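Engineer: I would like to see how this sequence folds:
(chains A and B)
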Amino acid sequence: MITTKALTKVYNGKVAVEALTLEIRSGEIFGLLGPNGAGKTTTVRMLAALIAPTSGEAIIGGHRLGEDDTAIRRSVGIVTEAPGMYERLSARENLELYAKLYGVSNATRQVEKYLRLLGLWDRRDDPVGTFSKGMKQKLALARALVHEPKVLLLDEPTSGLDPQMTRIVRDFIADLKGQGRTILLCTHNLDEAERLCDRILVLKTRPIALGTPEALRRRLFGRHILVTLETVTERILERVRALDFVLDLQQDGNQLRIALSDPERQNPLLVRALVEAGAAVRFLTEEEHSLEEIYLRLIEEEGGERPLHPPFDPAKVPSAR
Amino acid sequence: MSPVLVILQKEWADLRRHHLLLFSMVVPAILFLTLPFALVILIPVLDPSGWNDRSFHRMIELLGRVEPDLKQLDPFVVFHIYIFRQFVLMFLMVPILGALSIATYSIVGEKQNRTLEPLLATPITTTELLWGKSLAAALPATLLTWIAFGLYVLGMRALSPPPVLPRVANPVGLGLIFLIGPLVAVLSLGLGVIVSSRAKDPRTAQQIGVILILPLMALFIMQMRGFFLLRFRWILIAALALLVLDVIVLKIGARLFQREAILTRWA
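Structural biologist: Numbering: from 1, shown residues only, chains lettered A, B, ... in the order given. This is a model prediction of the structure:
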């Protein structure tokens, strides 16, 4: 639904986005993560045909950027970082304005549909200036959807919202995926990205890493099994080390941290070996790395001397499905 | 519905609820509408010889050269004509200030509220958006001027001696209101668009209005002091000059009013 090839934007000699190549499939929620100034908003603006790329190409909803920009704008819904509502106009007037600008034929019905869906119908005639930030953000979502776009570009949609409103907005975004829409979600919130996104691109002006949260986890940290025993003896340690599929073994008190390449296949063999060595196994679990750890490691590596850019190849990254 | 009309509708819906802006537009119109009536009524009462001073006589002499029949009129009637003609010029402040206020509030207000990005993300072209905003600023400002002038005419008809009205609502007066008025409104909003691209708040943007108001004030004072008298030929020349200026200013405004420039350089 969205494909870009070496998309680059330079402002006054300063590179904002460099060589962005990606493919977002129809019905996918694709997360764009990155620190401030990483180029997330610039990417969204390019994909919404708001600003022209300096080089590279993109096809959004079947329309080529730079050649068919009006068609792109017609097929894309956007939630900008700030809700950007006309505060003296009512919620209904705000949505009707956009419905008309998008050329929606049944504007009144569409406006009612989304005001009801987002729980704003009772406040439809109130000036938006009297709304809370969360209500404005919901209205911004309604505005992005009023023309039923297949592609949604969401730039920090839960920024500044309280936890309850964040949850409502997130659930709504998850529902949109169920309707077959393709969503590009820019966020700082790693928990949000993990919950919602099928795949994630970490961006720091240029793409650093792309994949499912799980694939990124494995790529960066490998897979580790944490085994808690009643006691750890030298015999047990020797027995584990002797297993040819064990890549690494670390001991911390009565807990063993064992690196495996294929835990699903190797765990039964490991447990059998432990029991044969006389170990009493209390717990066995796979070590979890949060997306935050992945993100921080990636950003740190990018800032260091080991660039990940050359090996980056979207085609080699496994998809979400 | 055409996108231009959609924008126009939105701008007017917004304007209707922006009471401060409406007030700031209506006040000059009320002021220039009532002040000349106050002058023709109060001066003869408060200062019986004031209206008959040296500069008034210089003006009578000048008026008499252009319109000899004025010499045959009662000096009190000429006094009315003199005052009411001066203030027709001042009516041009209404479209200047009105169009400038609406244009700057509309554009700088959108910048402040960050409403331009979602608006520009719609299929509307920047030309359509600029047209919508320009019409939304120029039409009410011009209409207000015409309404105020209509009331002015009615007032003169009710309160002044009969020879006054045809000599004030003459080709010069009508040319000022119906030809120069819309042209200065367009010039004002064009300058408003240009300065709004840089200004961070509407009041700063409105300071550009001084560029237009100062020459108008100078004309007003010079005519009041009897240095010259506006003639219809001059109105036509001024209209042509304003038309050229309007085109230049609108072209500059349209060049500034591009999606990418608005989003990346207007902040």
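Engineer: every contact and neighbour count from this point should use C-alpha atoms.
Structural biologist: Fine.
Engineer: thought residue A:90 was touching residue A:131?
Structural biologist: No. Using Cα atoms under 8 Å as the test, residue A:90 is too far from residue A:131 to be in contact (9.8 Å).
Engineer: these two: which is more packed in?
Structural biologist: Neighbour count, other Cα atoms under 10 Å in any protein chain shown: between residue A:90 and residue A:131, residue A:90 has more, with 21 against 17.
Engineer: could you list the low-pLDDT ranges of chain B?
Structural biologist: For chain B, the stretches with pLDDT under 70 are B:50-52, B:55, B:226, B:267.
Engineer: which parts of it are strands?
Structural biologist: Under the criterion DSSP state E, chain B contains no strands.
Engineer: tell me which parts of it are close to chain A?
Structural biologist: Within chain B, the positions adjacent to chain A are B:1, B:3, B:6-7, B:10, B:13-14, B:17-18, B:113-124, B:259-260 by Cα under 8 Å from any Cα of the partner chain.
Engineer: and residue A:113, how far from chain B?
Structural biologist: Using Cα to the nearest Cα, to the nearest Å, we find residue A:113 at a distance of 20 Å from chain B.
Engineer: work out for me the element that residue sits within.
Structural biologist: helix A:107-117 (DSSP states H and E).
Engineer: got the contact list for that helix?
Structural biologist: If you take Cα atoms under 8 Å, 6 or more residues apart in numbering or on different chains as the criterion, helix A:107-117 is touched by A:92, A:95-96, A:99-100, A:121, A:124, A:139, A:142, A:145-147.
Engineer: got the residues you listed as a markdown table, with neighbour count and distance to residue A:285 columns?
Structural biologist: Converted to a markdown table, the contacts of helix A:107-117 look like this (neighbours: other Cα atoms under 10 Å in any protein chain shown; distance: Cα to Cα, whole Å):
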| residue | neighbour count | distance to residue A:285 |
| --- | --- | --- |
| A:92 | 22 | 52 |
| A:95 | 28 | 50 |
| A:96 | 23 | 53 |
| A:99 | 24 | 52 |
| A:100 | 22 | 55 |
| A:121 | 16 | 48 |
| A:124 | 19 | 51 |
| A:139 | 27 | 43 |
| A:142 | 26 | 43 |
| A:145 | 24 | 43 |
| A:146 | 25 | 46 |
| A:147 | 24 | 47 |
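Engineer: for those, give me TSV that also has pLDDT, distance to residue A:215 and secondary structure.
Structural biologist: Listed next are those as TSV, based on pLDDT from 0 to 100; distance: Cα to Cα, whole Å; DSSP: H, G, I helix; E, B strand; the rest coil:
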residue	pLDDT	distance to residue A:215	secondary structure
A:92	97	44	helix
A:95	97	40	helix
A:96	96	43	helix
A:99	97	40	helix
A:100	96	43	helix
A:121	94	42	helix
A:124	95	44	coil
A:139	95	35	helix
A:142	94	33	helix
A:145	95	31	helix
A:146	96	35	coil
A:147	95	35	coil
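Engineer: on contacts alone, who are the packing partners of the longest helix seen in chain B?
Structural biologist: Ranked by residue count, the top helix of chain B under DSSP state H comes out as helix B:126-159. Where contact means 3 or more Cα pairs under 8 Å, 6 or more residues apart in numbering or on different chains; DSSP states H and E, helix B:126-159 is packed against helix B:3-17, helix B:19-46, helix B:93-113, helix B:164-168, helix B:181-196.
Engineer: ok and it relative to helix B:3-17, angle-wise?
Structural biologist: Using axes from the mean of the first three to the mean of the last three Cα atoms, to 10 degrees, the inter-axis angle of helix B:126-159 relative to helix B:3-17 is 50 degrees.
Engineer: give me the buried positions along helix B:126-159.
Structural biologist: Across helix B:126-159, burial judged by 16 or more other Cα atoms under 10 Å in any protein chain shown covers B:126, B:128-146, B:148-149, B:152-153, B:156.
Engineer: also stretch B:4-22?
Structural biologist: For stretch B:4-22, by 16+ other Cα under 10 Å, it's B:4-12, B:14-15.
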